[in-house]
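Peer 1: Pasted the sequence and its predicted model underneath.
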Number of protein chains: 2
Amino acid sequence: MRLQDGLWGEIHQLNAEVILDHCHSWMSRIGWIDNFDRAAGTADGEHAGIEFVDSEVYKLLEAMAWELSTRSDDVLESRYRDLVRRIGAAQEPDGYLHTSFGREGQPARYSDLEWGHELYCFGHLIQAAVARLRTGHDDELPGIARRVADHLYREFGPEGRPAICGHPEVEMALAEFARATGDDRYLELAALLVDRRGHGMLKTTLFHGHDYFLDDLPVRDAAVLRGHAVRALYLSAGAADVAIDGDDDELLDAITTQWANTVARRTYITGGMGSHHQNEEFGDDYELPADRAYAETCASIGSVMLSWRLLLRTGEPKYADLIERTLLNGILVSPREDGRAFYYANTLHQRTAGTGESEPGLSERAEATLRAPWFEVSCCPTNIARTLASLPGYVATSDDDGIQVHQYAPMQLDTTLPDGRRVAFRVSTGYPFDERITIVPTHDVGSPTTLTLRIPAWAARTATATFNGQAVPITGATVAITRAFRTTDAVELVLPLEPRFTWPHPSVDAVRGQVAVESGPLVLALEDVDLPEGVTVDRVTIDTASAPATGSDGARVRLRIHPSQSAAWPFGDLERPAGEPLQADLIPYFRWANRGPSTMRVWIPVSDLG
Amino acid sequence: MRLQDGLWGEIHQLNAEVILDHCHSWMSRIGWIDNFDRAAGTADGEHAGIEFVDSEVYKLLEAMAWELSTRSDDVLESRYRDLVRRIGAAQEPDGYLHTSFGREGQPARYSDLEWGHELYCFGHLIQAAVARLRTGHDDELPGIARRVADHLYREFGPEGRPAICGHPEVEMALAEFARATGDDRYLELAALLVDRRGHGMLKTTLFHGHDYFLDDLPVRDAAVLRGHAVRALYLSAGAADVAIDGDDDELLDAITTQWANTVARRTYITGGMGSHHQNEEFGDDYELPADRAYAETCASIGSVMLSWRLLLRTGEPKYADLIERTLLNGILVSPREDGRAFYYANTLHQRTAGTGESEPGLSERAEATLRAPWFEVSCCPTNIARTLASLPGYVATSDDDGIQVHQYAPMQLDTTLPDGRRVAFRVSTGYPFDERITIVPTHDVGSPTTLTLRIPAWAARTATATFNGQAVPITGATVAITRAFRTTDAVELVLPLEPRFTWPHPSVDAVRGQVAVESGPLVLALEDVDLPEGVTVDRVTIDTASAPATGSDGARVRLRIHPSQSAAWPFGDLERPAGEPLQADLIPYFRWANRGPSTMRVWIPVSDLG
């Protein structure tokens, strides 16, 4: 499958052309790649960066592996090979491979399982190897990963120490590696690590309890995600792998329930997860403050990984719905439009315009400014890189009967079914900016196959579909067309994108009396760049008597501008301030903060609710 | 002045009888007092607790000093003398006195000004000495403090190192000490420390920028409080002392403006300040989430100290209004009704009932449970102790013309004016639970003096006053009665306490569409103990068509109970759920969490706003 043009294609291309290079040059410049040479004894100097920066190099490597499967690029190929060689040289005879532990002057191996992230780093190395295997190369990198995984099996397997890593990640890596290599020991180890968790094994600190580590309750006993959001989502994704490949329905049911409760009560409209800056944690049910949304980029990526596993298992379109929402809003908002700076946390309400440009050097979290090129803990940029590089993997699946299209973008789908039939379609669309999606077979199939199309929940009442001009009834969250497809056929799906008001559940206190505007799968936002000079987004309310109009790049809405802040005690009589009417444009949320410092809000107070 | 009975008197007594002992026995048990013996070389063992626990002993000492002035208590007296003796024994020949720095195996003196809190600890020692001096004893403790202050003057004064402490506190201590001793060098040093701050002198960390330390802008250049709330408020209080005693009107104007902007935009209805758990910081203007209110107890105490200074300087009743609000809501909520457990952070919305009892041992922040007896960083309990011990100091002032009553409680006011006239009144009232305040002279004054009474802002339109039964017109925020008072006179002030709805400013997003109920100076709260079994506060809305009724202990309101949480995507169509009507009682906010684990909210969603 190949993404061509359109939003997805452009993002995929930006990643290939800019983000991979950006990550590579930053990590070259600040010595994170050199760490491997130091570990191998071929370079001098102190280890650069915090103790788990190996993982960033591995995520870049994974991104490169995916990218190399879609095009030929000598520079990329040679960078990839150079990285693999240097990483391989740092591997110790017993398979252990980490640049921060176990050498002279460093902490001993596995001496800080809570915070050292050793298994987390191994997991990312193994995932890079999985990408290499899945793209058809069983070469150096998978070899390195096999030695790491075998080492892990010895150290932490049934005969090893009964321990777990503070940051889950290796679980899904091992399960994927078992699939990619056919070696079930890795799945066995993943299952062991999942089951060991939740018994209070990890040492807590004053500020990091067992719940922070997801070590408070076994995965199979929890009802909702909690604790550190990225840890929680990575663990769930790994546990889903273990449940699915190990036929553990009890575990899978638990994860499915956790997904449903988390999506219903602990997820932002953008798909973002994790409400607390403090400890990067989930909050309580319905605790979803827009202005302190943490919604870490990596949590959105973890959410996509989890939903993808449940989608593959069940085929239920609600999982693809959340993937689309999260990708187009929670994830795409992170990279700046030029691909050279990123948000780590993704607020839904910026009250104060940042000052000046992006932070030039290593950033804490890029909260006060317009994204940052790199971070002290720089998990997000490389996570973006590997996610965008693997975008083609998220759009469709196939089974015995045909193809299921989960995401809409201009692309060529081409696969061979288990019975040997080749099925191929070209998808043409300007979606999510154009409502029309045209799907044309590019290969005749002699016998009936099924083309299954997802109907997003927001289009349940408005979507229409035709086959060669004849209406196809839509009754559920998918439409399935079974035909002996010929290249002269055409399927057309229309997903109307008229902007719509979206209201919060009454329990979401933080945005009560406010409304968001969505267009198709895109969450829109008001940025003060689109307001009169000097007016911030906190001085407007929105009129909801008539529906929002289609705007040039999102929607056009009726606002009222209110007086500026007062200097009086802010609690007393009910105020319903009058406001000057004004029309203004909303833009896709993911595009905000690309036109200089600005204030922004997704949820806009409703004029007639005071 | 002496507090008798009533809310203030009871709290004052609880502090004297329970809280002082509680603090003393905890610090005895966990070795924080023994630290001084170790420093003096008369005991063995490792230093107990984090590096600034000396300050907790000093705050207790200050509380004891205040308390010893109001009553005779042999046990308290002997504990006080024991503490002073042991602290004095740890003082080094040059005046330095700290149990965590400068000895073998400890960091060097002043090697960690950002985080070591050495000057902060000295400040608390000096404040204890100020309490001792103000209560008429120039004995051992003031002597110890003089040697510390002289040491500080040498080390950090005009001839010393141009440095500041990461945590402001010593500024106000030095300024108060200058007043109490008449030695202007201490004021000079306080002014130097205030002026040095704001030039980026302190080393920042990834998560703690110059703004966290209030080192981003000089005090005289800032428009609003920001950064770490307790640091900000302590600094402002010290800067106010410096401005007032140094006749620095520019500095005082800046602080006055910061107070006004902070109160208008960054203060909770309870008087609490500091919205962020992360870094314990102020948030943006109008960023006041109820469910993540940090509102640290010590920040409320700092706010009272700042307002008190501005009240003394200006006599403006708005400062006394905020003191009353903060004391009765933001501070009194911290101690449990038995005085043996405390909140560190003070939420205005508890979504999930804590489990079980108070935490038995050292707590992080007591957020998930019902207060905690002691904390790893235990600034709040001892701060409560010294604040409650000094309550009598906050109720009234006198000047050339007479007495100004700022707070209402049953008490005996008795003072001698500068011209030698003795002025004395007995105040009788059940306020804030009874609206009637009767003030009777207990001493004839031969010539006219003025009795000035504060009219709280919430009573501006309803308060009435009489002198011997004759109405006294109320035109402003105070009523002044000038008479040659005789013991047969009676002044009666009525501050009607009918519960009232209080609405948030439209910019306070977090509580939009919600309303609070207040009765006089008390903020009320809904606790689920007062709802039907199994119903949490997040399932109710409130009807506001008719005013709340007076309840047995606060107010009685009309609620609607709504269905429980759903498991669906929470953003979509506008829902206006129907609810079963119900009447329920609200209680004073400060009394919540005294009847077992419960959910609670101050701001209640309004039924007809959806």
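Peer 2: Thanks, I have it. Numbers count the residues shown, from 1 in each chain, chains lettered A, B, ... in the order given.
Peer 1: I'd say A:Tyr286 and B:Pro570 touch.
Peer 2: Yes: when contacts are counted by CB atoms under 8 Å, A:Tyr286 is listed as touching B:Pro570 (7.3 Å). To be clear about C-beta, it is placed using only N, CA and C from the backbone, and glycine gets the same treatment.
Peer 1: Now do the shared contacts for these two.
Peer 2: Each of A:Arg265, A:His505, A:Ser507, A:Val508 lies in contact with both A:Tyr286 and B:Pro570 under the rule CB atoms under 8 Å, 6 or more residues apart in numbering or on different chains.
Peer 1: The residues you listed: which ones sit near chain B?
Peer 2: With CB under 8 Å from any CB of the partner chain as the criterion, these include A:Arg265, A:His505, A:Ser507, A:Val508 near chain B.
Peer 1: Counting only strands, which of these make the cut?
Peer 2: Using DSSP state E, no member of these sits in strands.
Peer 1: What about these, which are in helices?
Peer 2: In helices, judged by DSSP state H, the following of these are found: A:Arg265.
Peer 1: top of the ones next to chain B among the shared contacts of A:Tyr286 and B:Pro570 by neighbour count?
Peer 2: A:Arg265 (24 neighbours; other CB atoms under 10 Å in any protein chain shown).
Peer 1: Check the contact between that residue and B:Pro570; I expect there is one.
Peer 2: Yes: judged on CB under 8 Å, A:Arg265 makes contact with B:Pro570 at a distance of 6.8 Å.
Peer 1: got any residues that touch both of those two?
Peer 2: Listed as contacting both A:Arg265 and B:Pro570 by CB under 8 Å, 6+ apart are A:Tyr286, A:Ser507.
Peer 1: what's the neighbour count on the residue nearest to A:Arg265 when sequence neighbours are not counted?
Peer 2: Nearest residue to A:Arg265, sequence neighbours excluded (CB to CB, 6 or more residues apart in numbering or on different chains): A:Asp285, at 4.0 Å. Residues within reach of A:Asp285, counting by other CB under 10 Å, total 19.
Peer 1: Next, A:Asp285: secondary structure please.
Peer 2: Here A:Asp285 is recorded as coil under DSSP: H, G, I helix; E, B strand; the rest coil.
Peer 1: how about the residues of the stretch 151-300 of chain A that lie near chain B?
Peer 2: Going by CB under 8 Å from any CB, the residues of the stretch 151-300 of chain A near chain B are A:206-207, A:260-261, A:263-265, A:267, A:269, A:276-278, A:283-287, A:289-292.
Peer 1: Would you mind checking those for buried ones?
Peer 2: A:260-261, A:263-265, A:267, A:269, A:276-278, A:283-287, A:289-292 (16 or more other CB atoms under 10 Å in any protein chain shown).
Peer 1: What's the first helix or strand after the helix or strand bottoming out on mean pLDDT in chain A?
Peer 2: Across the helices and strands of chain A, mean pLDDT, DSSP states H and E gives its lowest value to strand A:362-363, namely a mean of 68. For strand A:362-363, the following helix or strand on the C-terminal side (DSSP states H and E) is strand A:374-375.
Peer 1: as a whole number, average confidence for that following strand?
Peer 2: In this model, strand A:374-375 carries a mean pLDDT of 91.
Peer 1: Which elements pack onto it?
Peer 2: On a contact count with 3 or more CB pairs under 8 Å, 6 or more residues apart in numbering or on different chains; DSSP states H and E, strand A:374-375 meets strand A:362-363.
Peer 1: so where's chain A uncertain?
Peer 2: In the prediction, chain A carries residues with pLDDT under 70 at positions A:1-2, A:355-369, A:565, A:609-610.
Peer 1: Could you pull up the contacting residues of the residue nearest to A:Phe101 when sequence neighbours are not counted?
Peer 2: Closest residue to A:Phe101 apart from its sequence neighbours, by CB to CB, 6+ apart: A:Arg109 at 5.1 Å. Listed by CB under 8 Å, 6+ apart, the contact set of A:Arg109 reads A:Tyr96, A:His98, A:Phe101, A:Gly102, A:Glu118.
Peer 1: By neighbour count, which of the residues you listed wins?
Peer 2: A:Glu118 (28 neighbours).
Peer 1: pretty sure that residue contacts A:Cys165?
Peer 2: Yes: with contact defined as CB under 8 Å, A:Glu118 reaches A:Cys165; the gap is 6.8 Å.
Peer 1: Pull up the residues of the stretch 501-610 of chain A that are close to chain B.
Peer 2: A:501-514, A:516, A:538, A:541, A:562, A:565-575, A:577, A:603, A:605, A:609-610.
Peer 1: Tell me which entries of the residues you listed lie within strands.
Peer 2: Those of these lying in strands (DSSP E): A:Phe501, A:Thr502, A:Trp503, A:Pro504, A:Gln514, A:Ala516, A:Thr541, A:Phe571, A:Gly572, A:Pro605.
Peer 1: And the residue nearest to A:Pro142 when sequence neighbours are not counted, how far from A:Thr488?
Peer 2: Counting by CB to CB, 6+ apart, A:Ala129 is the residue found nearest to A:Pro142 once chain neighbours are left out, at 4.5 Å. Separation of A:Ala129 from A:Thr488 (CB to CB, to the nearest Å): 44 Å.
Peer 1: Which residue of these two possesses the greater neighbour count?
Peer 2: Comparing A:Ala129 with A:Thr488 by other CB under 10 Å, the one with more neighbours is A:Ala129, at 32 against 9.
Peer 1: what kind of secondary structure is the more buried one in?
Peer 2: Following three-state DSSP, A:Ala129 is assigned to helix.
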